[in-house]
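1. how would this look folded up:
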Amino acid sequence: MDFFATVTRFFQNGGVFMYPILAVLVLGLAITIERFVYLRRAHSENRSLWTKLLPMVNAGQYEDAEKLAEASSTAIGRVLGYGIARSRGQANREEVERAMEESLMEVTPQLERRTHYLATFANVATLLGLLGTIIGLIHGFSALSGISPAEKQDQLSEAVSVAMNCTAFGLMVAVPFMLIHAWLQSMTDELVDSLEMAAVKFLNSLGLK
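-> Next up, the predicted model:
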């Protein structure tokens, strides 16, 4: 109970700029949850489809493999589906590779979608915190002109304390988002690398020249 009271008092003392920082926090958390769930599901579905497709390709069941890939909405299904369809047209290795590279260029932006917003939110939260602090200090110093010299020190200390709350809250939002952005970006890069590796293994299994 004391913790929530402290947090509430801290938030109220930060001024009006605490609210846009809070909005950035909520949006960032929503994107974090959505991206984490999406990337985890994509990784699991890609691995599951790959374990089904590879034995078909090795056994020469290209028609069945193509149907399975086309029926899937996964990234690896689209990439390998392009490759299988192209290989059935008596294409050489270079043509099949180009077809899969083209498909990979299409699916990569979907995997990276919205992740970059977290880095932007981190910067925005920091700047909003600094702006709130500056505005708070300006109001604090402006209020000093109408009080006696004996009260100025107390009023100035209070104004600085209140203004710094905004900077502190902005940094409390920005630092985790910077780390989360790096973490989700590494997950995305790992997923893209796995698609590229699967494409190479698929090409090698075709035995094209």
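2. off-centre distance for the helix or strand where Leu39 lies?
-> For Leu39, the enclosing helix or strand under DSSP states H and E is helix 18-58. Using CA atoms, centre = their mean, to the nearest Å, the mean C-alpha position of helix 18-58 is found 9 Å from that of the whole chain.
3. check which helices and strands that helix is in contact with.
-> If you count contacts as 3 or more CB pairs under 8 Å, 6 or more residues apart in numbering; DSSP states H and E, helix 18-58 packs onto helix 2-12, helix 62-71, helix 75-87, helix 116-143, helix 149-206. Where C-beta positions appear, they are placed from N, C-alpha and C, glycine not excepted.
4. highest mean neighbour count out of these?
-> Of these, the one with the most neighbours on average (mean count of other CB atoms under 10 Å) is helix 75-87, at a mean of 24.
5. and that helix, C-alpha only, in PDB?
-> The C-alpha trace of helix 75-87 is given here as PDB (Å, rounded to 0.1, in the frame of the first residue of the first chain):
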ATOM      1  CA  ALA A  75       7.500 -17.200 -43.300                       C
ATOM      2  CA  ILE A  76       9.400 -20.300 -44.100                       C
ATOM      3  CA  GLY A  77       6.400 -21.700 -45.900                       C
ATOM      4  CA  ARG A  78       6.400 -18.700 -48.300                       C
ATOM      5  CA  VAL A  79      10.200 -18.800 -48.800                       C
ATOM      6  CA  LEU A  80      10.400 -22.500 -49.500                       C
ATOM      7  CA  GLY A  81       7.100 -22.500 -51.400                       C
ATOM      8  CA  TYR A  82       8.600 -20.000 -53.900                       C
ATOM      9  CA  GLY A  83      11.700 -22.200 -54.200                       C
ATOM     10  CA  ILE A  84       9.800 -25.400 -54.700                       C
ATOM     11  CA  ALA A  85       7.500 -23.900 -57.300                       C
ATOM     12  CA  ARG A  86      10.500 -22.500 -59.200                       C
ATOM     13  CA  SER A  87      12.400 -25.800 -59.000                       C
END
